[in-house]
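> My questions are about this predicted structure, shown below with the sequence.
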Amino acid sequence: MGSDLYRIKVHAKQDRTVTFKVEVVHPDANYLSDGLSFALMLLYEGMPRDKAATCALGKEISFDDTLDRGWLELYTKGFIESVTKKIESGSSDGQEKKDWIKGELTVTVTDPAWIEHLTVGQEFDSRAFDQASNFEDCKPIRPGQVDPNAPVPEAFMSIPGTLWQDSGLPAVVRVAAYSSSAYRAPDMKKGTFSVADLKHLDGQVVLSQGPYDDSPRVGLLSLGGDQVRIFTVSDGSWGSSGGTPFEGSIGKAELIPGKRLGSRLKLSTMLSRLEPKLLGATVEGDSASFRIAVPPGNTSFDSVSDEALIGGAMQLLLTPLYMEKDGIQKLLSPSPLAWTVEREVLRLFPAEERQMTTWTNNQSVPIGDTMPDAGSVARRLARGFIAKGEIVSRPPSGSSDVDAMTEAQQREVLLKPWPELVFKVTPLQAVYLQHLSQRFEPMQAPTWFADAEAWEGPLPVPATGPTEFGKKTPPPPSQPQSSAPAYSSGSSNSSQPAAKPPVLKIVGIVLAALVGLCVLCTIIGAISGAGK
């Protein structure tokens, strides 16, 4: 969650105009905007939570709409007629809170309904910002104004379920193509629901609202075990929430006929978030050919420089070797390549780039080596290990426009195996291919190739056995506690008495002086008495 940027108070309201007092409460927002999308977001934030789904503005737009640039550019002028601002104190250069901007924002809307939820004296926190700046002309929008005869576009689309890693979703799932305000759920029910209660909605796109949600949301319902999970996605983010049981309102989503629609979700954007997969490698003589499955529309490998071909070849050789030990320490599986790389990493990487540490005896103590990321290793070492790297086969260029496809066509494309790229790697020493004789499971491929740096000095000689790399160094033992008294300083020796504390030394000196003084007084008194 972000931080609040403004403190807002409804100062005045009349017919179609509302005036806000605005106070900056965060230094990153020390300005006052009169932008139309800023004002619309402010109106939306001013809806009390218990009215978000029932008031006119809440029925017409959703939080997603206030973040949808395409929707805002099309329809903001249908809600907001004008915005004016007045700075009352402070400046954008203010360094302390007392110097931050305070001002007044006056918003005139196209219909009184858009501000009916605001009351004079009401206060709320805001995170409003300018999401759009270029607005198309739009006739004033009235509450519930839809065209039931307008053509209804496809309400849903297909995207890869692997977008949510380790979710257990199918390879292809259905999601809403627009933001939640475009949907309704005629059979929406409110209550507390178990997995058994929602089986008829499993795998469906639903409209739901939890007890603490400001507004309904649209997402894919997936049931697993005793968990009720809802997966949501937009062009800017994706996520999920779940639990058991589900509490709130839920029903199967359908597009509202004639509803104003914003930007349609783009399948190409979803595909760009997927990682290429390294499927396997085949050794032929002194070279190896790596097969990389590339998501449709992915452009990671469209343009690769000569330096990146060498660096990429090293990254591919290393990728099947990387492993984790003890949950955190990245090391390499044993092989001649791994042993040689470990030796060179110890030589070329400073300790702070390759060592794990622990805090012991009030100091940071090394406890073992960890392998730097494959890109960094490839950048420094590639020219000492690689003779040649080349892409010998690419996926077909000019792939179809997946965003213009029907949902059925999208699903067909997504169910096909990803097109493959073949990268041929020739190392300087054939022994560096030895680890590829064993088949490995598909894994994430590099999403970019590091540019190989120049190699200085003689080329590495392949190592023939394990190194000490990665072995934990036990931290030094804790210092034993001294058995000397708490006031003792320094180390003590059993053959010598412990040093006396300075305070007792002083007390001893003073007592000795007093005793001496008393003895002296007694002697003087005796002499004086004898003289009499």
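Alright, I've got the coordinates.
> got any ranges where the stretch 1-150 of the chain has weak pLDDT?
Along the stretch 1-150 of the chain, the parts satisfying pLDDT under 70 run over 1-2, 147-149.
> could you pull out the helices for it?
Taking DSSP state H, counting those that start in this stretch, the helices of the stretch 1-150 of the chain run over residues 36-45, 56-60, 63-67, 69-79.
> pretty sure residue 370 is touching residue 354, no?
Yes. With contact defined as C-beta atoms under 8 Å, residue 370 counts as touching residue 354 (6.3 Å). Any C-beta I mention is one placed from the backbone N, CA and C, and that applies to glycine too.
> can you list the residues that contact stretch 69-81?
16, 36-37, 39-40, 43, 57, 60-61, 65-66, 107-111, 114, 131-132, 134-141, 179, 260-263 (C-beta atoms under 8 Å, 6 or more residues apart in numbering).
> now do stretch 316-324
Outside stretch 316-324, the residues within contact range by C-beta under 8 Å, 6+ apart are 278, 281, 288, 290, 330-333, 335, 337-338, 341, 371, 374, 377-378, 385-386, 423, 425, 427, 432-433, 435-436, 440, 443, 445-446.
> What values do phi and psi take at the closest residue in space to residue 465 that isn't next to it in sequence?
What sits nearest to residue 465 in space, not counting adjacent residues and going by C-beta to C-beta, 6 or more residues apart in numbering, is residue 339, at 6.5 Å. The phi and psi values for residue 339, taken as degrees, to the nearest 10, are phi -60, psi -40.
> pretty sure residue 377 contacts residue 342?
No. Taking contact to mean C-beta under 8 Å, the distance of 10.1 Å between residue 377 and residue 342 leaves them out of contact.
> Neighbour count: these two, which is higher?
Taking other C-beta atoms under 10 Å, residue 377 and residue 342 do not tie; residue 377 has more neighbours (25 against 22).
> who touches the more buried one in this structure?
Under the criterion of C-beta under 8 Å, 6+ apart, the contact list for residue 377 reads 314, 318, 341, 345, 371.
> Confirm it sits in a strand?
No. Secondary structure assignment places residue 377 outside any strand; it is helix (DSSP: H, G, I helix; E, B strand; the rest coil).
> ok, which stretches of the stretch 1-150 of the chain are strands?
For the stretch 1-150 of the chain, the strands defined by DSSP state E, counting those that start in this stretch cover 6-14, 17-24, 80-89, 102-109, 123-126.
> Export those strands as a markdown table, with columns for distance to residue 454 and mean neighbour count.
Conversion of those to a markdown table gives the following (distance: least, C-beta to C-beta, whole Å; neighbours: other C-beta atoms under 10 Å):
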| stretch | distance to residue 454 | mean neighbour count |
| --- | --- | --- |
| strand 6-14 | 53 | 17 |
| strand 17-24 | 52 | 21 |
| strand 80-89 | 57 | 15 |
| strand 102-109 | 58 | 20 |
| strand 123-126 | 54 | 15 |
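> Pipe those into a markdown table and attach distance to residue 226 per row.
Compiled in a markdown table, the strands of the stretch 1-150 of the chain are given as follows (distance: least, C-beta to C-beta, whole Å):
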| stretch | distance to residue 226 |
| --- | --- |
| strand 6-14 | 42 |
| strand 17-24 | 46 |
| strand 80-89 | 46 |
| strand 102-109 | 46 |
| strand 123-126 | 36 |
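> Out of these, flag the one nearest residue 50.
Among these, the nearest to residue 50 by C-beta to C-beta is strand 123-126 (13.4 Å).
> And the helices in the stretch 401-532 of the chain?
Ranges of helices in the stretch 401-532 of the chain, per DSSP H, counting those that start in this stretch, are 407-415, 502-531.
> Lowest mean pLDDT across those helices, which one is that?
Within those, the least confident segment by mean pLDDT turns out to be helix 502-531, at a mean of 46.
> Now do the SS call for residue 383.
Recorded secondary structure, residue 383: helix (three-state DSSP).
> Which residue is the nearest non-sequential neighbour of it?
Distance criterion C-beta to C-beta, 6+ apart; nearest residue to residue 383, sequence neighbours excluded, is residue 455 at 3.9 Å.
> How about residue 80?
Closest residue to residue 80 apart from its sequence neighbours, by C-beta to C-beta, 6+ apart: residue 36 at 4.7 Å.
> Could you check how many residues crowd around that neighbour?
Other residues within reach of residue 36 by the criterion other C-beta under 10 Å amount to 23.
> ok, now which ones touch it?
Residues 76-77, 80, 83, 132, 135 are the ones in contact with residue 36 under the rule C-beta under 8 Å, 6+ apart.
> How about residue 467?
The neighbours of residue 467, taking C-beta under 8 Å, 6+ apart as the test, are 339, 342-343, 346.
> Tabulate those (JSON lines), appending distance to residue 461 and pLDDT.
JSON lines is the format used below for the contacts of residue 467 (distance: C-beta to C-beta, whole Å; pLDDT from 0 to 100):
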{"residue": "339", "distance to residue 461": "11", "pLDDT": "96"}
{"residue": "342", "distance to residue 461": "14", "pLDDT": "94"}
{"residue": "343", "distance to residue 461": "9", "pLDDT": "94"}
{"residue": "346", "distance to residue 461": "15", "pLDDT": "91"}
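> Scan those and report the most crowded one.
Of all the contacts of residue 467, residue 342 has the most neighbours under the rule other C-beta under 10 Å, reaching 22 neighbours.
> Okay, and it sits in which element?
helix 336-348 (DSSP states H and E).
> Please work out which residues outside that helix touch it.
Contacting residues not belonging to helix 336-348 are listed as 317-318, 321, 332, 354, 369, 371-372, 377, 380-381, 384-385, 427, 429, 431-435, 460-467, 469-470 [C-beta under 8 Å, 6+ apart].
> Tell me which helix or strand comes right after that helix.
Read in the C-terminal direction, the helix or strand following helix 336-348 is strand 355-360, with elements assigned using DSSP H and E.
> That following strand packs against which elements?
Contacts of strand 355-360 with other secondary structure elements, assessed using 3 or more C-beta pairs under 8 Å, 6 or more residues apart in numbering; DSSP states H and E, are made with strand 363-369.
> tell me what the strand it packs on is packed against?
Of the remaining helices and strands, those touching strand 363-369 by 3+ C-beta pairs under 8 Å, 6+ apart are helix 336-348, strand 355-360.
> strand partners of it, parallel vs antiparallel please.
With DSSP bridges as the test, strand 363-369 is paired with strand 355-360 (antiparallel).
> Enumerate the positions of the strand it pairs with that are buried.
Burial within strand 355-360, assessed by neighbour count using 16 or more other C-beta atoms under 10 Å, is assigned to 355-356.
> Could you do stretch 112-132 as well?
Judged by neighbour count (16+ other C-beta under 10 Å), stretch 112-132 contains these buried residues: 113-115, 117-118, 124, 126, 128-129, 131-132.
> That stretch: end-to-end distance?
End-to-end span of stretch 112-132 (C-alpha to C-alpha, to the nearest Å): 23 Å.
> same question, stretch 233-248
Chord length of stretch 233-248, first to last residue, is 20 Å (C-alpha to C-alpha).
> cool, and stretch 194-209?
Its start and end residues considered, stretch 194-209 measures 16 Å (C-alpha to C-alpha).
> What of stretch 91-107?
22 Å.
> Next one: residue 56 from residue 118, what distance?
For residue 56, the distance to residue 118 under the criterion C-beta to C-beta, to the nearest Å works out to 12 Å.
> repeat for residue 225
The separation that residue 225 has from residue 118, given C-beta to C-beta, amounts to 44 Å.
> got it, and residue 83?
According to C-beta to C-beta, residue 83 stands 15 Å off from residue 118.
> again with residue 144
Applying C-beta to C-beta, the value for residue 144 to residue 118 is 20 Å.
> same thing with residue 53?
To residue 118, residue 53 is 17 Å away according to C-beta to C-beta.
> between residue 370 and residue 354, which one's more packed in?
When neighbours are counted by other C-beta under 10 Å, residue 370 and residue 354 differ, and residue 354 comes out ahead with 21 against 18.
> which residues touch the more buried one?
Contact analysis of residue 354 by C-beta under 8 Å, 6+ apart lists 345-346, 369-372.
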